[in-house]
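Enquirer: coordinates only, sequence not included:
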């Protein structure tokens, strides 16, 4: 649940609790007020009947006095006055007010007090009236309390709704910068440190945005230092490889050539000797071993050299690799969709080695009929992929040997990423990755940026 949703749920629960508490308190206060009002009305009516009883003996018109007394209670909100005779029949009754339209019956059942009726005997001078009946009707008072309670609850609900809307608007405006900050953190997590958030919102959000910008700048500096360090390490490795390649070429190569020459001389000399067939055979074996050793040295030299042919660049070097592999494997369709550009020598060597390692793995460990190579730029990244249909990953699920593991470490060292996945149909392997592009590098805008070579 989002922070705004939690805030809304919390406010709703709090406001509902306030409404329930307010309603209970309102009902309790209304019940107390109704009881007090009806008690007062009962007392006043009883006192007036007692006063009438005291005045009747001195009255000259007893019946007129009784009729006037009953009429005095017409329109009363709480009391109905009635006069009864000896048989209990009502001989006169007042007309109470009936201003309780729309009063809910549940409210009456919930708050109405028990029925209250008082019978007060009259003196003999009031005959044929024998008693005055005071009947208390609570419905008008209940209607008044109902209106007061409904008004109070309506005001409380309006207040809570206004408060909820105000809090929601303030919270929404305060939390709005969080979306940009969240997006900035997502970009930072993806390796994009070019972040510049505009401080907005309350001071806490402004401080958070400033901290995010500062963190992005620091991470960018650290990433740049790591890239420079990785480039220096790669340069040192290339120098060591070049030195080793020179030693193999200058030292081991001539020795193997001498062995080859001496073996040939021994074979020729043995032809003039009796029983020289064995010596010739052994000499031929030495020459074959020397030839294989020279081939292996050439292979090692190929692996040790930096990889980029001087002046060609990454695109041309991959095309040269594709052309060489196509000649050696004419039954395999090797295609390359390549974007031309100047990406920096160190980065180009790294990508070329990754592509070459992926292609060689496909040829060594699978039986592909097609290998597709792709190279393009996107969002300040140099992306590359090699896809084959050679049967997929081995049953052990190992995604590459030590060569690919080392290549992944090199790519990650410069801030990039290298992934190897299974291709379902046709079964094969997809190697794809990317490396961040240094500033000042990019694709060539003139000419055809892509070319298919097979």
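Expert: Looks like it arrived, so ask away. As the structure is a computational prediction, the values presented were derived from the model and not from experiment.
Enquirer: CA only for contacts and neighbour counts going forward, please
Expert: OK.
Enquirer: looking at it, residue 122 is touching residue 128, isn't it?
Expert: No: in this structure, residue 122 is not within contact of residue 128 by CA atoms under 8 Å, at 10.0 Å.
Enquirer: how about low-confidence regions in the stretch 101-250 of the chain?
Expert: 242, 249-250 (pLDDT under 70).
Enquirer: returning to that earlier point: more neighbours, residue 122 and residue 128?
Expert: Neighbour count, other CA atoms under 10 Å: between residue 122 and residue 128, residue 122 has more, with 21 against 14.
Enquirer: what's near enough to touch that one?
Expert: 53, 129-132 (CA atoms under 8 Å, 6 or more residues apart in numbering).
Enquirer: can you give me the helices in this protein?
Expert: Applying DSSP state H to the chain gives helices spanning 3-55, 62-71, 105-111, 139-175, 177-189, 203-247, 253-270, 277-304, 313-328, 345-365, 402-413.
Enquirer: name the helices or strands packed onto the first one?
Expert: Contact here means 3 or more CA pairs under 8 Å, 6 or more residues apart in numbering; DSSP states H and E; on that basis helix 3-55 packs against strand 79-85, strand 129-136, helix 139-175.
Enquirer: turn those into JSON lines, columns for distance to residue 218 and mean neighbour count.
Expert: Listed next are these as JSON lines, based on distance: least, CA to CA, whole Å; neighbours: other CA atoms under 10 Å:
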{"stretch": "strand 79-85", "distance to residue 218": "85", "mean neighbour count": "22"}
{"stretch": "strand 129-136", "distance to residue 218": "84", "mean neighbour count": "21"}
{"stretch": "helix 139-175", "distance to residue 218": "25", "mean neighbour count": "16"}
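Enquirer: which among these is found nearest to residue 265?
Expert: helix 139-175 (88.5 Å; CA to CA).
Enquirer: so the closest one versus helix 203-247, what angle?
Expert: 30 degrees (axes from the mean of the first three to the mean of the last three CA atoms, to 10 degrees).
Enquirer: got the angle between helix 139-175 and helix 3-55?
Expert: Going by the same axes, to 10 degrees, helix 139-175 makes 160 degrees with helix 3-55.
Enquirer: name the helices or strands packed onto helix 139-175?
Expert: helix 3-55, helix 105-111.
Enquirer: ok, the residue nearest to residue 422 when sequence neighbours are not counted - contacts?
Expert: Spatially, and ignoring its direct neighbours in sequence, residue 422 is nearest to residue 429 (4.9 Å; CA to CA, 6 or more residues apart in numbering). With contact taken as CA under 8 Å, 6+ apart, residue 429 is in contact with 362, 387-393, 420-423.
Enquirer: tell me the bridge partners for residue 429.
Expert: When bridges are assigned using DSSP bridges, the partners listed for residue 429 are residue 388, residue 422.
Enquirer: likewise for the one 5 residues further on?
Expert: Applying DSSP bridges to residue 434 yields these beta-bridge partners: residue 383, residue 417.
Enquirer: from here on, call the first residue 378.
Expert: Happy to do that; since the first residue is 378 now, the last one works out to residue 811.
Enquirer: quick one: buried residues of stretch 809-817?
Expert: 809-814 (16 or more other CA atoms under 10 Å).
Enquirer: what's the lowest-pLDDT member of those?
Expert: Within the buried residues of stretch 809-817, pLDDT reaches its minimum at residue 814, with 83.
Enquirer: quick one, phi/psi of that residue?
Expert: phi -90, psi 130 (degrees, to the nearest 10).
Enquirer: roughly how far does the nearest residue to residue 573 once chain neighbours are set aside sit from residue 562?
Expert: Leaving aside its chain neighbours, residue 573 sits nearest to residue 590 (5.7 Å; criterion: CA to CA, 6+ apart). Distance, residue 590 to residue 562, using CA to CA, to the nearest Å: 10 Å.
Enquirer: check residue 805 too.
Expert: For residue 805 relative to residue 562 (CA to CA), the value is 35 Å.
Enquirer: what residue of this structure is the furthest out?
Expert: residue 437 (94.5 Å; CA atoms, centre = their mean).
Enquirer: OK, contacts around the residue nearest to residue 709 when sequence neighbours are not counted?
Expert: Closest residue in space to residue 709, ignoring its immediate chain neighbours: residue 746 at 4.7 Å, by CA to CA, 6+ apart. Contacts for residue 746 (CA under 8 Å, 6+ apart) come out as 708-710, 765-767.
Enquirer: okay, residue 746: pLDDT?
Expert: Taking residue 746 on its own, its pLDDT is 90.
Enquirer: please apply the same query to residue 808.
Expert: 91.
Enquirer: my guess is it meets residue 766, correct?
Expert: No: contact between residue 808 and residue 766 fails when scored by CA under 8 Å: they sit 12.0 Å apart.
Enquirer: for the contacts of residue 806, which one is nearest residue 576?
Expert: residue 797 (40.5 Å).
Enquirer: distance check, the residue lying closest to the closest one once chain neighbours are set aside against residue 504.
Expert: In space, and not counting its chain neighbours, residue 797 is closest to residue 808: 4.5 Å by CA to CA, 6+ apart. Distance of residue 808 to residue 504, given as CA to CA: 118 Å.
Enquirer: which one's more surrounded, these two?
Expert: Counted by other CA under 10 Å, residue 808 and residue 504 do not tie: residue 808 has more neighbours, with 23 against 14.
Enquirer: who's in contact with that one?
Expert: 735, 762-764, 795-798.
Enquirer: how close does the residue nearest to residue 644 when sequence neighbours are not counted sit to residue 633?
Expert: With CA to CA, 6+ apart as the criterion, residue 644 has its nearest non-adjacent residue at 4.5 Å, and that residue is residue 657. The gap separating residue 657 from residue 633 is 18 Å, by CA to CA.
Enquirer: repeat for residue 462
Expert: For residue 462, the distance to residue 633 - CA to CA - is 148 Å.
Enquirer: quick revisit: quick one: closest of the helices of the chain to residue 573.
Expert: Of the helices of the chain, nearest to residue 573 by CA to CA is helix 580-624, at 5.7 Å.
Enquirer: follow-up on the earlier one: which one, of the helices and strands packed on helix 516-552, ends up nearest to residue 750?
Expert: Across the helices and strands packed on helix 516-552, closest to residue 750 is helix 380-432 (CA to CA), at 46.3 Å.
Enquirer: settle it for me: which of residue 805 and residue 562 has more neighbours?
Expert: residue 805 (22 against 19).
Enquirer: okay, that one: pLDDT?
Expert: For residue 805, pLDDT reads 88.
Enquirer: show the contacting residues for it.
Expert: So residue 805 contacts 745, 764-770, 799 (CA under 8 Å, 6+ apart).
Enquirer: which of those sits closest to residue 424?
Expert: Nearest to residue 424 among the contacts of residue 805, with distances taken as CA to CA, is residue 799, at 101.6 Å.
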